[in-house]
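**Q** Please find the sequence and the predicted model below.
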Amino acid sequence: MQLHFLGTGAGMPSKERNTSALMVKLLEENGEMWLFDCGEATQHQILHTSLKPRKVTKIFITHLHGDHIFGLPGFLSSRSFQGGDEPLTIYGPAGLQQWVEQTFALSKTHLTYPLQFVEVHEGVIYEDDKFTVRASELRHVVPCFGYRIEQKDLPGELLMDKVQAYGVPKGPLLGQLKKGQDIALDNGTIIQAKDVVAPPKKGFTLAILGDTKYCEQAISLAEQADVVVHEATFDGSTTDLAASYGHSTNVEAAMVASKAGAKYLLLNHLSARFLPHDLPIFLAQAQAIFPQTFLTSDQAVFYWSNNNLLF
């Protein structure tokens with residue numbers, strides 16, 4: 001898994017930060033890319049990367065504020081122009097489908113691929129054999145959702161020393177054992193998969209929280225998550241102001257990660273009031289509560305590998 005931050009600012013774009021957009025690359029896991037929010041000029045940000053819009057199969061929108069959706073019509077249109085023909089599904093709050101369809105109708109925009117909408121609700125909104133995505137409404141000034149992406153356990157590795165000791169020949173039988181199927185050798189020996197396959201490996205859990213004030217729902221979505229992406233529009237000196245606007249501070253984001261028992265915290269959605277020289281103190285305030293806190297920036301890429309976050 002890779003997390004490619006395309007926009008990490010709040011409200012309006014600034015010289016340092018574009019509006020919200022996060023690409024989750026799952027090419028090794030399922031051959032797909034999932035986009036979370038699509039602020040203005042997201043497609044411009046993509047031009048500076050090797051990301052391919054046609055590889056995006058799902059878009060998850062947290063809420064309907066402009067800094068999270070104004071880039072959506074342009075991105076969807078460009079996906080057509082760039083040869084995208086695979087179906088795309090957009091998950092988001094009520095009203096999102098109407099907004100996109102009216103925009104396309106008025107601008108006479110036609111897509112070359114099927115577009116499906118799923119209105120988000122509490123609970124599981126997507127599941128296949130590799131992933132489960134859960135949603136929960138947070139506490140913002142408009143309906144806003146956070147998403148919890150859980151990778152299902154991965155098959156354990158084939159223990160080749162034990163396989164060789166049993167005399168299993170190379171070929172289809174190894175594949176059957178890897179899938180957890182017992183096999184019989186030509187000499188009549190029965191080999192049980194559990195004896196030659198390591199225990200399943202736990203998949204990762206990623207929590208992406210939309211705009212929100214400090215709340216229990218955020219803690220629940222982030223429970224025992226490997227990586228939590230949390231907004232930090234304000235700093236610890238403006239807690240009351242943050243709450244009045246339905247936002248969180250860096251300190252509150254760290255409290256969420258700490259109470260949830262998360263492993264890593266990534267702060268994004270930073271206000272333009274925080275200039276580069278302010279960020280060391282901003283980060284230190286959060287790390288005092290949750291040491292494994294890191295700041296995001298536009299075009300920053302984080303890699304999940306061997307149960308560690310690399311960047």
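**A** Structure's in. What do you need?

**Q** any idea where the helices of this protein begin and end?
**A** 27-30, 42-46, 66-69, 72-81, 96-107, 160-166, 172-178, 193-196, 216-221, 239-244, 250-260, 279-287 (DSSP state H).

**Q** which regions of the stretch 51-200 of the chain sit below the pLDDT cut-off?
**A** Of all residues in the stretch 51-200 of the chain, none has pLDDT under 70.

**Q** Quick one: closest of the helices of the chain to residue 227.
**A** Nearest to residue 227, of all those, is helix 250-260, at 9.7 Å by CB to CB. Glycine gets a C-beta too; all of them are placed from N, C-alpha and C.

**Q** buried stuff in the closest one?
**A** 250, 251, 252, 253, 254, 255, 256, 257, 258, 259, 260 (16 or more other CB atoms under 10 Å).

**Q** Could you do stretch 10-29 as well?
**A** Across stretch 10-29, burial judged by 16+ other CB under 10 Å covers 10-11, 13-14, 17-26, 29.

**Q** count of neighbours near the nearest residue to residue 130 once chain neighbours are set aside?
**A** Leaving aside its chain neighbours, residue 130 sits nearest to residue 30 (5.3 Å; criterion: CB to CB, 6 or more residues apart in numbering). Using other CB atoms under 10 Å, residue 30 has 14 other residues around it.

**Q** for residue 112, phi and psi?
**A** Phi and psi for residue 112, reported as degrees, to the nearest 10, are phi -100, psi 10.

**Q** Next: residue 83.
**A** Taking degrees, to the nearest 10, you get phi 90, psi 10 for the backbone angles of residue 83.

**Q** thinking it is in contact with residue 53, fair?
**A** No: with contact defined as CB atoms under 8 Å, residue 83 does not count as touching residue 53 (9.3 Å).

**Q** neighbour-wise, which of these two wins?
**A** Shown here are residue 83 and residue 53; by other CB under 10 Å, residue 53 has more neighbours (21 against 11).

**Q** Surely residue 150 and residue 128 touch.
**A** No: in this structure, residue 150 is not within contact of residue 128 by CB under 8 Å, at 11.6 Å.

**Q** between these two, which one's more packed in?
**A** residue 150 (19 against 9).

**Q** list the contacts for the nearest residue to that one once chain neighbours are set aside?
**A** Excluding its sequence neighbours, the residue lying closest to residue 150 (CB to CB, 6+ apart) is residue 132, at 4.7 Å. Residue 132 makes contacts with 124, 126, 149, 150, 152, as judged by CB atoms under 8 Å, 6 or more residues apart in numbering.

**Q** Which of these are buried? Put it as a PyMOL command.
**A** Restricted to buried positions by 16+ other CB under 10 Å, the PyMOL selection for the contacts of residue 132 reads:
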select buried, resi 126+149+150
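
**Q** Which ones among the contacts of residue 132 map onto strands?
**A** 124, 126, 149, 150 (DSSP state E).
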